[in-house]
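Novice: From the sequence below, what's the structure:
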Amino acid sequence: MALGVSLNGFLAEMRRARLAFLAALPAALVLIAVAGWLISRRALRPVRVVTNTAMRITAQGLDQRIPTGTEDVEFERLIGVLNQMLDRLQGSFEQAIRFSADAAHELQTPLTILQGTLEQALRESPADSDQQRLCDDLMGEVSRLKAIVQKLLLLAKADAGQLELRRESIDLAQLIEEMADDAATLAPHLAIGKDLIPEAWVQADGDLLRHALQNLASNAIKYNREDGKILLLLQKDAESVRFTIANTGQPIPPQERERVFDRFHRGDKSRGRRVDGVGLGLSLAREIVHAHRGTLILDESIEGMTTFTVTLPLACEKTQSPLRCV
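Specialist: Residues are numbered from 1 along each chain as shown. This is a model prediction of the structure:
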């Protein structure tokens, strides 16, 4: 006996089920992806907290700590260990800064006494005698030591974020003019070219900023050719002022460019003591510029010139709206 049954209804239900499944699949995948993203984001929240805190930690921000008390108990021990490590790093760093500052401060007094004694011996020694020449050489070494101690003291204060600035309105163009006159006196054999705008006012500590400019000028003189030149350029825009100092001489090798601002680094090893200095001038100049919310960079060397650029924010005074920068 043969029995015939129509399958049209069954096949229609199967097609509808298939279509419903295919229609629901993308929505289900989206829901699964969103749920997975939310779960992973919640699970990785402590990792983001650790990352953000680590990004904020600098030499002047070692007091940053990773917040605790999250509901992710498994991260509590990790966060506690990291905070303890930061405590140890902060203690060691502050101890090193205090040692540098205290040592530099304590050295100033005996060096001043030694300098006074040598000056008296120099005055009392016979003219053109060996004793006078010896005292004169020792005076030069003592002056060099005093300059090193003063730079170390300023760098220690900068590291500790304690470099105090007595801000006032300073005409940067005038400071550069004075620097150029001093450079012409110290190095009359060098040609000094200037292209300076008449006025460029900044809010700065005049003594410290002058010290930074003198370090740059001294560097341009020491590492120049005998018949070389120094170029000074001062420009400004609506928000900042840019000072560029360039000097002829041996170009800085690519492998040395990243280290020119390192402390006690001297690129020209062959000159030794024939070039005065210990490699602190550029580092101190950059710290002073940074303290004034500016930048000091080594530009690309072109046409046998070594170029440094200082960028500082213009001083703004409130008149009618908007602010007017002068």
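Novice: Look up phi and psi at residue 306.
Specialist: phi -100, psi 120 (degrees, to the nearest 10).
Novice: show me what contacts it?
Specialist: By CB atoms under 8 Å, 6 or more residues apart in numbering, the residues touching residue 306 are 220, 223, 246, 247, 248, 249, 251, 252, 298. All C-beta atoms are positioned from the backbone trio N, CA, C, and that covers glycine.
Novice: what do you get if the cut-off is 7 Å, keeping everything else the same?
Specialist: Listed by CB atoms under 7 Å, 6 or more residues apart in numbering, the contact set of residue 306 reads 246, 247, 249, 251, 252.
Novice: measure it to residue 234 for me?
Specialist: Separation of residue 306 from residue 234 (CB to CB, to the nearest Å) stands at 18 Å.
Novice: can you check residue 128 too?
Specialist: Relative to residue 234, and taking CB to CB, residue 128 is found at 46 Å.
Novice: who's more crowded, the two?
Specialist: Between residue 128 and residue 234, counted using other CB atoms under 10 Å, the more crowded position is residue 234 (22 against 7).
Novice: now the host helix or strand of the more buried one, how far from the chain's geometric center?
Specialist: Assigned by DSSP states H and E, residue 234 belongs to strand 229-236. Computed by CA atoms, centre = their mean, to the nearest Å, the chain-centroid distance of strand 229-236 equals 22 Å.
Novice: Need the residues that contact that strand.
Specialist: 172-173, 176, 180, 183, 190-197, 200, 220, 224, 242-248, 314.
Novice: In terms of helices and strands, where is residue 21?
Specialist: Assigned by DSSP H and E, residue 21 falls in helix 8-43.
Novice: Name the next helix or strand following that helix along the chain.
Specialist: In N-to-C order, the element after helix 8-43 by DSSP H and E is helix 45-56.
Novice: Determine the set of other helices and strands touching that next one.
Specialist: Counting contacts by 3 or more CB pairs under 7 Å, 6 or more residues apart in numbering; DSSP states H and E, helix 45-56 is packed against helix 76-124.
Novice: Which positions within the strand holding residue 234 qualify as buried?
Specialist: 229, 230, 231, 232, 233, 234, 236 (16 or more other CB atoms under 10 Å).
Novice: Show me the strands paired with that strand, marking each as parallel or antiparallel.
Specialist: Using DSSP bridges, strand 229-236 pairs in its sheet with strand 191-196 (parallel), strand 240-248 (antiparallel).
Novice: Quick one: these as TSV, columns for mean neighbour count too.
Specialist: Below are these laid out as TSV (neighbours: other CB atoms under 10 Å):
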stretch	mean neighbour count
strand 191-196	14
strand 240-248	21
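Novice: Pipe those strands into JSON lines and attach mean pLDDT per row.
Specialist: What follows is the strands paired with strand 229-236, written out as JSON lines (pLDDT from 0 to 100):
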{"stretch": "strand 191-196", "mean pLDDT": "91"}
{"stretch": "strand 240-248", "mean pLDDT": "92"}
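Novice: With respect to residue 207, which of these lies nearest?
Specialist: strand 240-248 (17.2 Å; CB to CB).
Novice: From residue 158, how far off is the closest residue to residue 108 other than its chain neighbours?
Specialist: Nearest residue to residue 108, sequence neighbours excluded (CB to CB, 6 or more residues apart in numbering): residue 149, at 5.9 Å. For residue 149, the distance to residue 158 equals 15 Å [CB to CB].
Novice: the more surrounded of the two?
Specialist: residue 158 (21 against 17).
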